[in-house]
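Q: missing the sequence, but the structure's below:
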Ligand SMILES: [Zn+2]
């Protein structure tokens with residue numbers, strides 16, 4: 001088959017090289033012009049400016065950076081995320097490949113609020129790249145631009161847990177919080193490419209509109225189901241770690257708290273039993289955990305409480321085409337929550353144990 005295809009192309013090449021010298025010159029000129037047109041079509045902007053190299057911790061932020069760049073007609077960017085979405089963002093190894101990517105970046109984008117504390121500071125230090133160090137022009141922390149939930153009042157102590165000492169850093173599960181984060185990201189990008197500031201600002205507005213519309217659509221879908229089930233304020237959830245807190249808040253759902261006693265500290269057998277008792281007494285419909293959290297703990301919790309659990313991704317999944325965009329993941333959550341609610345009304349609510 002290969003030979004046949006190769007022979008098929010031969011007459012084309014033959015006709016090119018058989019044309020007279022003058023015609024060949026004109027043909028070459030057209031080929032060059034064609035190649036130039038093709039390259040300017042493929043490249044976002046034929047400005048000659050180097051692409052802005054953006055490295056994000058979470059895949060969510062990479063999608064945002066691409067969107068704010070304005071695509072093919074916008075600012076030239078090269079964007080990549082360090083995480084693929086199946087890790088625990090608190091506890092990731094500071095891989096040499098992360099260091100390599102940070103050393104070449106113009107802009108590092110993180111959630112901050114201590115989400116990546118255990119590993120990002122090591123990556124940045126090892127990169128030896130002054131521009132992207134905390135406080136540098138190439139460092140962009142989105143968490144400092146959002147309204148933080150579960151922010152501790154008074155002095156911060158480690159007794160609050162090792163990983164949420166500045167409040168809950170998992171804001172990226174709320175489309176509303178991503179709007180504030182998007183504004184900050186736009187500012188960071190414009191700081192390094194002031195010539196494109198207006199274009200970026202226009203993209204920030206489009207991103208805000210997209211997130212607002214997505215949120216309104218899903219909120220209305222969920223509210224319709226909650227109303228039809230007559231569930232209302234009695235719908236209560238629980239979570240293993242406080243990954244889903246912003247999702248619950250965005251969709252006006254009530255979580256009674258976490259199975260972990262302190263964020264980032266695996267619960268003891270006594271704590272799991274206590275949390276199970278609490279969940280039963282409060283009539284919790286379902287407990288949510290991240291896919292990277294221990295299945296055995298959740299099984300034990302469900303056995304003790306009679307409350308079902310689900311383990312879901314808590315970041316975009318780079319390797320899964322069904323969950324690799326903010327909109328897809330948000331739709332997944334709401335569709336799954338609707339399923340859970342429908343199932344839960346068929347089971348009697350247990351109270352007062
Ligand atoms: Zn956390």
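A: Ah, there it is. Keep in mind the model is a prediction, meaning the values are calculated, not measured. Numbering: from 1, shown residues only.

Q: which of the residues in stretch 271-286 are buried?
A: For stretch 271-286, a neighbour-count test (16 or more other C-beta atoms under 10 Å) marks 271-272, 275-276, 278-280, 282-286 as buried. (Glycine included, C-beta is placed from N, CA and C.)

Q: in CSV, list those residues along with distance to residue 84 and secondary structure.
A: Converted to CSV, the buried residues of stretch 271-286 look like this (distance: C-beta to C-beta, whole Å; DSSP: H, G, I helix; E, B strand; the rest coil):
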residue, distance to residue 84, secondary structure
271, 30, helix
272, 29, helix
275, 30, helix
276, 32, helix
278, 34, helix
279, 31, helix
280, 36, helix
282, 35, helix
283, 37, coil
284, 31, coil
285, 30, coil
286, 26, strand
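
Q: surely residue 332 touches residue 324?
A: No. Contact criterion C-beta atoms under 8 Å: residue 332 and residue 324 do not qualify, at 10.9 Å.

Q: what's residue 86 sitting at in phi/psi?
A: Main-chain torsions, residue 86, degrees, to the nearest 10: phi -100, psi 10.

Q: my error: substitute residue 81 in the last question.
A: phi -100, psi 140.

Q: surely residue 109 is within a strand?
A: Yes. Assignment of residue 109 by DSSP: H, G, I helix; E, B strand; the rest coil places it within a strand.

Q: show me what contacts it?
A: Residues in contact with residue 109 (C-beta atoms under 8 Å, 6 or more residues apart in numbering) are 54-57, 61, 65, 140, 142, 185, 188.

Q: among the residues you listed, which are located in helices?
A: Cross-referencing these against helices under DSSP state H gives 61, 65, 185, 188.

Q: who touches the second one in this structure?
A: Okay, so that is residue 65. Residue 65 touches 54, 56, 77, 79, 109, 185, 189, counting by C-beta under 8 Å, 6+ apart.

Q: same check, this time on the first one
A: By C-beta under 8 Å, 6+ apart, the contact list for residue 61 reads 81, 109-111, 142, 172, 181, 185.

Q: what residue spans form the domains of this structure?
A: According to automatic domain parsing, the chain comprises the domains 52-148+161-196, 210-345.

Q: quick one: low-confidence parts of the stretch 151-300 of the chain?
A: The stretch 151-300 of the chain contains residues with pLDDT under 70 at 155-162, 231-233.

Q: for the contacts of residue 61, work out which two are farthest apart.
A: Of all pairs drawn from those, the widest gap by C-beta to C-beta lies between 81 and 181 and measures 14.4 Å.

Q: between those two, which is the more surrounded one?
A: residue 181 (26 against 22; other C-beta atoms under 10 Å).

Q: I'd say the more buried one and residue 147 touch.
A: No. Contact between residue 181 and residue 147 fails when scored by C-beta under 8 Å: they sit 10.7 Å apart.

Q: beta partners for the nearest residue to residue 56 once chain neighbours are set aside?
A: Distance criterion C-beta to C-beta, 6 or more residues apart in numbering; nearest residue to residue 56, sequence neighbours excluded, is residue 109 at 4.2 Å. Assessed by DSSP bridges, residue 109 has beta-bridge partners residue 56, residue 140.

Q: the protein: helices as residue ranges?
A: 2-17, 21-42, 59-69, 96-104, 117-127, 175-192, 197-229, 245-250, 269-282, 295-305, 326-345.

Q: what residue ranges in the stretch 1-150 of the chain score low on pLDDT?
A: 1-48.

Q: distance of residue 221 from residue 335?
A: 9 Å (C-beta to C-beta, to the nearest Å).

Q: of these two, who's got more company?
A: Neighbour tally, residue 221 and residue 335, criterion other C-beta under 10 Å: the higher count belongs to residue 221, 16 against 13.

Q: ok, now which ones touch the more buried one?
A: Here residue 221 is in contact with 334, 338 (C-beta under 8 Å, 6+ apart).

Q: for it, give its distance to residue 313.
A: The value you get for residue 221 to residue 313, if C-beta to C-beta is used, is 20 Å.

Q: same check, this time on residue 119
A: 20 Å.

Q: settle it for me: which of these two has more neighbours?
A: Higher neighbour count among residue 119 and residue 313: residue 119, with 20 against 17, using other C-beta under 10 Å.

Q: quick check: closest non-adjacent residue to residue 104.
A: With C-beta to C-beta, 6+ apart as the measure, residue 53 is the residue that lies nearest to residue 104, at 6.1 Å, once sequence neighbours are left out.

Q: run a quick neighbour tally on the closest residue in space to residue 84 that isn't next to it in sequence.
A: Among residues not flanking residue 84 along the chain, residue 318 sits closest, at 4.3 Å (C-beta to C-beta, 6+ apart). Residue 318 has 16 neighbours, counted by other C-beta under 10 Å.

Q: cheers, nothing more for now.
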